[in-house]
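Undergrad: Here is the input, now give the coordinates:
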Amino acid sequence: MRCSRIPALLGVTGLLISAGTGLAGAQADSRTAAGAAPRATTVSSRGGGVPLAPAGAGAGASTALISVASANAHPVASSAIPFATLGQNGLTAGPVAKPIPDTAKPRPAATSRAANWGPAPHVQERRVPPTQVNGNFAGILQGRSDCGGCQPPDPNAAISPTQITHVVNLRMQVYNKAGGLLCGTSLSALMGTTARISDPHVQWDNLFQRWSMVFIPVPATTSDAPRMFLLTSTSSDACGTWRRIPLSFSGSSYPPGTLLDYPYIGQDRNALLLSSNNFQLTASGFVYRNSAVFSIPKGAAYSGGAFSFRAFNTGFSTAPVTVSGNPLLPTPAVFFLRTIPGTGYQLYRMTGSGTSGVAVTAQAVGSSPFAAPTRNARQPGTGLPGLDVLDGRMSSTPYQDGAFVWFTHTQGVSGFPAVRYGAINTTSNQVTAQNAFRSTTSDDWNPSIGVQGNGTGPVSIFVNWSFTDPARGTPTSITVDGVRPGQGVPALIGTGQVLVQGGVSSTARRFGDLSSVALDPTPAAGCSATAVLSNEIFNASGLWLSWISRVSFC
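TA: From the prediction side, this is the model:
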């Protein structure tokens, strides 16, 4: 969002900023010695604000209403064949197998705070991550996801004032905030499709009190029409009735046989914001063609009216940015963001979201170099090749609060997979980024981020990820860390809270592909901010297990 002016002291996470300088940035490209300041990487490129021409079109209309009870009464068989997330080369995304560093050689920890960040020294406070755990329970288990032994689970969840909706593989389950199961159904039955489906994403609209969900059918032939499935609830009850809205696509971005892989979903006040990586099925397999972004008007999606939309080509794995606020804040523009290993981040600006006048501009490339992961994550006590950590793309939706877009993703640090998080100032295009990892010997990946703010002041930040630490005998585990308002953008090194420790798997190679952080519209009593997290571990039998946690800053 472009602002008319920047206050002399811009109160985003308490970082003191001179007028016009934007959010200063720094990141450590190795695990530096304790007390050493990370190397600054704050140069940004404006990129000219190039308008993008539409390269495709889509349309949708509600075809039926379906209740969860009716879906359960009329099951629909769907293929349970695992489908891998694809990289730009058309192969399974993630680093190739490489030698694993010597785990007996510890790396020194990075500094927890750069000296010039955060409030003035006389008002600095000790940084404390989210400490109150309001709920911490198992979600959907492998073999109970209506997908047999599908890997990975693609776990994500959203939260309303009373319900947590969790989608994994081919199944949706709804819980109360204490973890009590309210209902569940297969996504195939809910949508009424026999197609092979994948990659579900769900979100809650705190303005209109509705749920929305997308997932994709995998084309079976080279002539299949490009499609995506959208479901929207007719009320605030995720166990109630949903609208089935098949989306169809045409134009140069969507030749026959197109797979709309790795769909992201976000939102602003007016529209559902979506994107995908488009691969065409050919005789030799899937071939990457392009990536595209588009927006769908909420009014039509929620009421069942017919609608059409324009799609715009972007760089690979560009994610929509969800607008923060409770209710969602008004914004003159919304953003889409992608990672570029070795360079930084590309920012796209959309105006007129959800309308016939929608326009997308390639706003800037923010320079903040990082390395893509060079190897997979290890498990203790096994000689297995490792768990897939993807390719440095975002595995969750970024957040927009005021002039800042907050993000997280996996990176490579000193040969280890690690987490990176930070923000982009959409006025100056400057980037702030920092490292996050559990210990000097841990492998950390599959992160997600959520922020709570009001668009004009400090924000509360939640960062959620999975990790292993073979040197310490730690198998797959989930941790949450974060930053309270006024405490800068520090490196998150060993300061978070471990929510659950799982096991190891002798059969799994794929992991996660998704995780999520969703802000609770009704925080826990006495707490300033609450979020629900979803990620993955392995259980004692080596099966994957999705996990749900509700945590608070109190």
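Undergrad: Quick one: list the elements packing against the helix or strand where P417 lies.
TA: P417 belongs to strand 416-425 when assigned by DSSP states H and E. Other helices and strands packing on strand 416-425, by 3 or more CB pairs under 8 Å, 6 or more residues apart in numbering; DSSP states H and E, are strand 404-413, strand 431-437, strand 443-452, strand 460-469. Backbone N, C-alpha and C define where each C-beta goes, glycine included.
Undergrad: In TSV: those, plus distance to L492, mean pLDDT and mean neighbour count.
TA: Below are the helices and strands packed on strand 416-425 laid out as TSV (distance: least, CB to CB, whole Å; pLDDT from 0 to 100; neighbours: other CB atoms under 10 Å):
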stretch	distance to L492	mean pLDDT	mean neighbour count
strand 404-413	10	97	26
strand 431-437	4	96	29
strand 443-452	10	97	28
strand 460-469	6	97	27
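Undergrad: Let's have those in TSV, adding distance to T185.
TA: Output for the helices and strands packed on strand 416-425, formatted as TSV (distance: least, CB to CB, whole Å):
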stretch	distance to T185
strand 404-413	31
strand 431-437	36
strand 443-452	24
strand 460-469	26
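Undergrad: and the most centrally placed residue in the chain, what does it touch?
TA: Centroid-nearest residue in the chain: S396, 0.5 Å away (criterion: CA atoms, centre = their mean). With contacts defined as CB atoms under 8 Å, 6 or more residues apart in numbering, S396 is in contact with 156, 408, 447-449, 514-517.
Undergrad: Stretch 435-445: end-to-end distance?
TA: From its first residue to its last, stretch 435-445 covers 12 Å (CA to CA, to the nearest Å).
Undergrad: ok, the helix or strand where S248 lies: who's next to it in the sheet?
TA: Using DSSP H and E, S248 sits within strand 241-250. Applying DSSP bridges, strand 241-250 is found paired with strand 54-60 (antiparallel), strand 64-67 (antiparallel), strand 227-233 (antiparallel).
Undergrad: residues of that strand that come out buried?
TA: Within strand 241-250, the residues scored as buried using 16 or more other CB atoms under 10 Å are 242-247, 249-250.
Undergrad: Just the closest of the residues you listed to N89, please.
TA: Distance to N89, by CB to CB, is smallest for F249 among these, at 22.8 Å.
Undergrad: Touching, the closest one and P226? I think so.
TA: Yes. Look at F249 against P226 with CB atoms under 8 Å: they come within range, at 4.1 Å.
Undergrad: Identify the contacts common to these two.
TA: With CB under 8 Å, 6+ apart, F249 and P226 have common neighbours 258, 260.
Undergrad: Need the max-distance pair from the contacts of S396.
TA: N156 and T408 (14.1 Å).
Undergrad: what about stretch 314-328, start to end distance?
TA: 26 Å.
Undergrad: can you pull the buried residues of it?
TA: 314-325, 328.
Undergrad: same question, stretch 60-70
TA: Result for stretch 60-70 [16+ other CB under 10 Å]: buried residues 60-62, 66-68, 70.
Undergrad: Show the end-to-end separation of that stretch, please.
TA: 23 Å.
Undergrad: Can you tell me what sits against it?
TA: 174, 183-185, 190-192, 230, 234, 238-248, 296, 300-301, 304-308.
Undergrad: returning to that earlier point: for the residue nearest to the residue nearest to the centre of the chain when sequence neighbours are not counted, list the residues it contacts.
TA: Of all residues not flanking S396 in the chain, S448 sits nearest, at 3.2 Å (CB to CB, 6 or more residues apart in numbering). Shown in contact with S448 (CB under 8 Å, 6+ apart): 395-397, 408, 463-465, 514-517, 533-535.
Undergrad: mind listing the helices for the stretch 251-400 of the chain?
TA: Here the stretch 251-400 of the chain has its helices, by DSSP state H, counting those that start in this stretch, at 298-303.
Undergrad: ok, which stretches of it are strands?
TA: Assigned by DSSP state E, counting those that start in this stretch, the strands in the stretch 251-400 of the chain fall at 258-267, 271-282, 285-297, 307-314, 319-320, 322-323, 334-340, 344-351, 359-367, 399-401.
Undergrad: ok, the second one: who's next to it in the sheet?
TA: I take that to be strand 271-282. Partners of strand 271-282, by DSSP bridges, with direction: strand 258-267 (antiparallel), strand 285-297 (antiparallel).
Undergrad: ok now the longest one, how far from the chain's centre?
TA: On the basis of CA atoms, centre = their mean, to the nearest Å, strand 285-297 sits 17 Å off its chain's mean C-alpha point.
Undergrad: Make residue 1 into 33 and carry on from there
TA: Sure, I'll start numbering at 33, so the last one becomes strand 317-329.
Undergrad: buried residues in it?
TA: 318, 320-329.
Undergrad: and the angle from it to strand 376-383?
TA: 40 degrees (axes from the mean of the first three to the mean of the last three CA atoms, to 10 degrees).
Undergrad: strand partners of the helix or strand containing M245, parallel vs antiparallel please.
TA: For M245, the element it lies in under DSSP H and E is strand 242-249. Its sheet considered, strand 242-249 pairs with strand 229-237 (antiparallel), strand 259-265 (antiparallel) by DSSP bridges.
Undergrad: Buried residues in stretch 565-572, which are they?
TA: 565-570.
Undergrad: roughly how far apart are the residue nearest to the centre of the chain and A557?
TA: Distance, S428 to A557, by CB to CB, to the nearest Å: 27 Å.
Undergrad: Then W274?
TA: Taking CB to CB, one finds W274 at 31 Å from A557.
Undergrad: what's the answer for R176, then?
TA: Taking CB to CB as the measure, R176 falls 33 Å from A557.
Undergrad: can you check M260 too?
TA: 40 Å.
Undergrad: How about Q411?
TA: Counting by CB to CB, the separation of Q411 from A557 is 39 Å.
Undergrad: higher neighbour count, the two?
TA: Applying other CB atoms under 10 Å to Q411 and A557 shows that Q411 carries more neighbours, namely 24 against 9.
Undergrad: What pLDDT does the model give the more buried one?
TA: What the model reports as pLDDT for Q411 is 95.
Undergrad: ok, it - contacts?
TA: 418-419, 500, 502, 507-508, 536-537.
Undergrad: what's the answer for Q183, then?
TA: 114, 174, 540-543, 576.
Undergrad: same question, D545
TA: 117, 184, 186, 231, 294, 422, 427, 478.
Undergrad: any chance of those in a markdown table, with distance to G398 too?
TA: Putting the contacts of D545 into a markdown table (distance: CB to CB, whole Å) gives the following:
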| residue | distance to G398 |
| --- | --- |
| T117 | 25 |
| P184 | 30 |
| D186 | 28 |
| D231 | 27 |
| Y294 | 22 |
| L422 | 21 |
| S427 | 20 |
| N478 | 23 |
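Undergrad: and the two most separated of these?
TA: Largest separation among the contacts of D545 by CB to CB: D231 and N478, giving 14.7 Å.
Undergrad: Name the nearest residue to F311, sequence neighbours excluded.
TA: F318 (4.0 Å).
Undergrad: how close does the one you found get to G505?
TA: 39 Å.
Undergrad: Same check on G289?
TA: 47 Å.
Undergrad: Those two: which is more packed in?
TA: G289 (19 against 9).
Undergrad: That one and T253: what is the separation?
TA: Applying CB to CB to G289 and T253 gives a distance of 7 Å.
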